[in-house]
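Asks: sequence and predicted structure, then a few things I'm wondering about:
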Amino acid sequence: MSASLLRRGLELLELPGGRGKAPPGIQRERHGPGAAGPARRRRKRAPELGRSKATVKGRVVKSAIEEYHKKAAVNNLRANLRYMLKGRCVANKAITEKVLAQNRGRKSKDQPPKKVAKKKPEGTVFTEEDFRKFEREYFGRP
């Protein structure tokens, strides 16, 4: 808003008798430096409250121990194990493999490691009897 528009607006609000004086309701008083607006009113009002906000009607005083127990970590392991072991519905292995294969990505890092077939330890072809026979023949023992 320009100064000229402001001046015209004040002229319209002026009383016909007094030039340059605003009516008492519009005029603001300033008693020294500082804010005269809502901040000053807030500062004045604060001590007048006089009522403690801690004492609210109907408020129940809570025990600190009860509050601690409410917020303390709870170990749900036993209940969870009981729940998991209760149901014994096991899915078919072929179906689970199919579901896992669908959820796997195509990248090599998403593929599970190849299962290497374990080699059975090769047993000897010879028996104990063959060894004894060999000993007799080679060392000459009866």
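Replies: Perfect, thanks for sending it. These numbers come from a predicted model, not from an experiment.
Asks: quick check: buried residues in the helix or strand where residue 134 lies?
Replies: Applying DSSP states H and E as the criterion places residue 134 in helix 128-139. Residues of helix 128-139 classed as buried: none (neighbour count, 16 or more other C-beta atoms under 10 Å). Quick note: C-beta positions are derived from backbone N, CA and C, even for glycine.
Asks: pull the CA atoms of it into CSV?
Replies: In CSV, the C-alpha atoms belonging to helix 128-139 read as follows (Å, rounded to 0.1, in the frame of the first residue of the first chain):
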residue,chain,number,x,y,z
GLU,A,128,39.8,-109.0,4.8
GLU,A,129,39.9,-112.5,3.5
ASP,A,130,41.8,-111.4,0.4
PHE,A,131,44.3,-109.5,2.4
ARG,A,132,45.0,-112.6,4.6
LYS,A,133,45.4,-114.7,1.5
PHE,A,134,47.8,-112.2,0.0
GLU,A,135,49.9,-112.1,3.3
ARG,A,136,50.2,-115.9,3.2
GLU,A,137,51.3,-115.9,-0.4
TYR,A,138,53.7,-112.9,-0.2
PHE,A,139,55.2,-113.4,3.2
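Asks: list the helices and strands that helix packs on?
Replies: Applying 3 or more C-beta pairs under 8 Å, 6 or more residues apart in numbering; DSSP states H and E, one finds that helix 128-139 contacts no other helix or strand.
Asks: state the mean pLDDT of it.
Replies: The pLDDT scores in helix 128-139 average 88.
Asks: likewise for stretch 60-72?
Replies: 85.
Asks: could I get the buried residue list for it?
Replies: Per 16+ other C-beta under 10 Å, stretch 60-72 contains no buried residues.
Asks: tell me how far residue 128 lies from residue 139.
Replies: 16 Å (C-beta to C-beta, to the nearest Å).
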